[in-house]
Structure formats: C-alpha cells, structure tokens
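Participant: Okay, sequence plus prediction incoming.
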Amino acid sequence: GLIAYLPTYQGINVYDLQDPAAPLQIGHAAVGGLALDRQGTLLVAAAAEGFSTVDVSDPAAPVVLGQVELEGWSVDVAVSGRYAYVTAGNAGMMVVDLVDPAAPVVVATFVLPGSSHGIAVVGDRAYVAAQYGGLIVVDIADPLHPASLGSFLGGGNVIDVAVSGYTACISEPYVDEVRVLNVSDPAAILEDAVLSLTMPRQVVLHGRLLAVSAQDGLWLCDLSIPGDATLLPMDGARAIAFSGDDILVQQIESGPVAMISYAERYLDPARNVGQGMFGWTGAGTIMEARLTTEQAGAIDWYADADNGTGLQPITNDATWTVLNGTGQIPVWRAVLGHDFSPTGPFCDSLTLEVLRDVPVIDTVADVPDDQGGQVRLRWARSSFDRDGSDAPILSYSVYRRVDARTATGVTPDPQAAA
C-alpha cells in the first residue's frame, strides 16, 4: 500500500494511506528527523547535529541502523544512489556515504555562500536554497568533490526549492514571492515567472503542478497557465508530497497528516484505460460535447454526460458530438492502442467542452466610452441550436432588468457575437 514517513519532534511517524480520507499511523521510530528522504527500504533522517539511517523494510517496525554527527544545524536532506546530501546552515552542504547504512560517513563538506536551507537533487546536480546566497546549483557528478555550477540571487532570501526536469521553483517569504526558473544552463539561470503569495515557505513540484505552503494556506498552481494559483480549502496546511490525485499535507509542522484531493482521475494500466472527471459547473442539462487534443499515436476517446454510465465514442477533431445520454457530470475516457514503439501513444493536452439545453452566458463586458450605456455579451449556444435538432432555436432574446422609472432606450451593439 501507500506509505508515508513524516517527522515529528518526538520521532518519525509512519502512516498507511490506503484510505486517503483516514490516514492510519502504523509505526514509529524514536529518532530525530526534521528532514527525511527515502531510497528503497532505506530512510535517511537529518535533525539538528545528527544524521540517522533507518531500515523501513517493515514500515510498521522501522529499525534504526546507524547514526553520525554533523557540523552545523541540519535543515534538509536528499538521497541519490549511495550518497545523502544534507544542508546545514552556515556549514554548507555535507555529503554522507551510505555504502554501509549501519555506519554512515561524512565524506565531503562544501561550504556555500549564504545559509544552506532546502535542497533538491536531480541527476548529477544538487539545487540548494541558500537563503541570502540565493539558489545555488552544485555539480555532484563526483560526490567527493562537489563544485558550483551557477547561482540565482532572486530577492535575497531563498529558503526552499523544488525541481522537475529543468524547471526549479524557489520560495522567498520575505518578498512574498515564488519564482519559476529555467535551470537548463546553471551558469545563466532564467526567470520564467513570479507568483505573488503571502509568506510562501515550502514548495513541492510534480511535473508542471506546484504546491506552495504560504501564510494564508496551501496554494495549488499549474505552471502551464501563467498566473494560475488556487487556494485549497485547508487553513495552515503545509504540503508534503503529491500522490496521484491527492496532496499529502500536515496541518502544522510535526502535526497530524491528511490527504487533499485536487483532481478526480482514473487509471487502469491492465486494461490500458484512463478517465477524468469534473463536477457540475452550470445550469441546464449537458447534451453535446467537443474534444480537442494534442496527441501522437492511436488513442480512442469516449465521453458522456452522466458520470460515465453511458460512454460513447467521440472524435478529437473539434467537432460537436450529440450525446446519447444526458446529465450534469461529464466524463471522458481514453483507450490507448499501443504500437510497441519506443514512445507509444501519448497525449500532451486535452480540452473537453460541453453544450447544455439552455444557453449559458460566458462573459458580460462593458462597451467603453459610452457612459455605461451598453455591454457586450458572449454566450454558449443551446444544444438545440444545431442542424437536425428536434426543437430548433430560431432566435435568442436578451433582457436587461432596469428600474421602470429610469428605463431608457437601449441601442444594439453591432459587434456583439454569440
């Protein structure tokens, strides 16, 4: 099952997340661990001046294998291969050899500008959030001789970093910003975007999806959409990790854990089937759907409007399909026809649009420079407004409610469009 290891002031707690709505604590290790990382059945923990290795082959009964003292004050840790990389404030970054987990050994210390805080390791690079030293990219191709590749100062107080591919996100609480960086060239790091959030601290990145723990709560950001940020309904939560369609969070540091669902998706690898769902979003009954995708390879698409009870084939050529069944909960499904090529079929983006029996107003925009006399409306047509409809729409009427005493003539806007 899905297992989570979380640090507390009393030690490391182990949770079974088989039921996301009710995480169950199943184990505990009485060892300091303010920062954790795991590789296989080996858990590494850093806390204050200590570093520990823990065997979690049985999650319900973790066993402490070895410990070693560190310089400075350990803040974060990341493990890669046989080495763990620990940030320790002014002492910089330390490299711990785990070849014998029962006897971990510090084999290198790399002093960095600033105060080393958060760390992420991807491939042969370590990304260190060094507070007033900014973000520092370190070459760890030779772990015994780390070397600086480049840095990005930012606003001057970088405390956490998360990396996916060549995208790095850093948090700077004292300037209320999260920066999205292109780190493909560590010697010339580029700033792609800036998110303005109140006192952001921890950042967790999963592909292009970013979770930020800020003063006013937990934010979820889609980096594919500039400026996108959504406040999730949990006050004071800090993100721990992404897990499928959920985010694992703690209400407070070293506090209880919970799972928050940010999407509803379904995947059955055995049958090569995927499905996504989203909830009721407007008035009326859904009668038509239109699918557009960016894909390669053979993928068959299906959709319906009744929560998946009557899925039917739908094309992905941006044409509208009349659905056999109607409802208010649209669902799509993909079935991949694998050709056994090195890449196989894939889909980079998908948009599912729906039409209802009633027209739905999308926008109401003021017509400028006419002293509030006109507005421009845009709406989605009724599904009955199509060739072959049993009840064809001949015209639309738009009404504006005004006070009878002040009603005046309204001139139609010739640029209005449906």
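Facilitator: Sure thing, it's come through. Numbers count the residues shown, from 1 in each chain.
Participant: use CA for all of it now, contacts and neighbours both
Facilitator: OK.
Participant: Could you pull out the buried residues of stretch 38-57?
Facilitator: By neighbour count on 16 or more other C-alpha atoms under 10 Å, the buried set for stretch 38-57 is 38, 42-48, 50-56.
Participant: and what of stretch 127-146?
Facilitator: Applying 16+ other C-alpha under 10 Å to stretch 127-146 flags 127-140, 143-144, 146 as buried.
Participant: For it, measure first residue to last.
Facilitator: The straight-line separation of the ends of stretch 127-146 (C-alpha to C-alpha, to the nearest Å) is 12 Å.
Participant: Now do the same for it: mean pLDDT, whole number.
Facilitator: Stretch 127-146 carries an average pLDDT of 97.
Participant: List of residues touching that stretch?
Facilitator: Outside stretch 127-146, the residues within contact range by C-alpha atoms under 8 Å, 6 or more residues apart in numbering are 83, 87, 89, 95, 107-108, 110, 112-121, 124-126, 147-161, 163, 170, 186.
Participant: filter those residues to the buried ones?
Facilitator: Using 16+ other C-alpha under 10 Å as the burial test, the contacts of stretch 127-146 include 83, 87, 89, 95, 108, 110, 112-121, 125-126, 147-161, 163, 170, 186 as buried.
Participant: Take the residues you listed and keep only those in strands.
Facilitator: Using DSSP state E, the subset of the buried ones among the contacts of stretch 127-146 located in strands is 83, 87, 95, 108, 110, 119-121, 125-126, 147-152, 160-161, 163, 170.
Participant: and stretch 178-198, what's its mean pLDDT?
Facilitator: In this model, stretch 178-198 has an average pLDDT of 94.
Participant: List the buried residues of it.
Facilitator: Across stretch 178-198, burial judged by 16+ other C-alpha under 10 Å covers 178-183, 186, 189, 191, 194-198.
Participant: Please apply the same query to stretch 63-75.
Facilitator: Applying a neighbour-count criterion of 16+ other C-alpha under 10 Å, one finds 63-68, 70-75 buried in stretch 63-75.
Participant: Figure out how far that stretch is from the centre of its chain.
Facilitator: With C-alpha atoms, centre = their mean, to the nearest Å as the basis, stretch 63-75 stands 31 Å off its chain's centre.
Participant: ditto for stretch 118-128
Facilitator: 19 Å.
Participant: Quick check, A334 in contact with T293.
Facilitator: No. A334 lies out of contact with T293 (C-alpha atoms under 8 Å); the separation is 11.2 Å.
Participant: the more surrounded of these two?
Facilitator: A334 (18 against 15; other C-alpha atoms under 10 Å).
Participant: Then that one would be within a strand, right?
Facilitator: Yes. A334 sits within a strand when classified using DSSP: H, G, I helix; E, B strand; the rest coil.
Participant: That one and W320: what is the separation?
Facilitator: Counting by C-alpha to C-alpha, the separation of A334 from W320 is 18 Å.
Participant: Report the distance from the longest strand belonging to the chain to the chain centre.
Facilitator: Longest strand of the chain, by residue count under DSSP E: strand 42-55. Its chain's C-alpha centre and that of strand 42-55 lie 27 Å apart, by C-alpha atoms, centre = their mean.
Participant: Leaving out chain neighbours, which residue sits closest to L181?
Facilitator: Once flanking residues are discounted, L181 sits nearest to E191: 4.5 Å by C-alpha to C-alpha, 6 or more residues apart in numbering.
Participant: what about that neighbour, is that helix, strand or coil?
Facilitator: Following three-state DSSP, E191 is assigned to strand.
Participant: correct me, but it touches D185?
Facilitator: No. Counting by C-alpha under 8 Å, E191 does not reach D185; the two are 11.9 Å apart.
Participant: For stretch 316-324, which residues meet the burial criterion?
Facilitator: Buried residues in stretch 316-324 (16+ other C-alpha under 10 Å): 316, 320-323.
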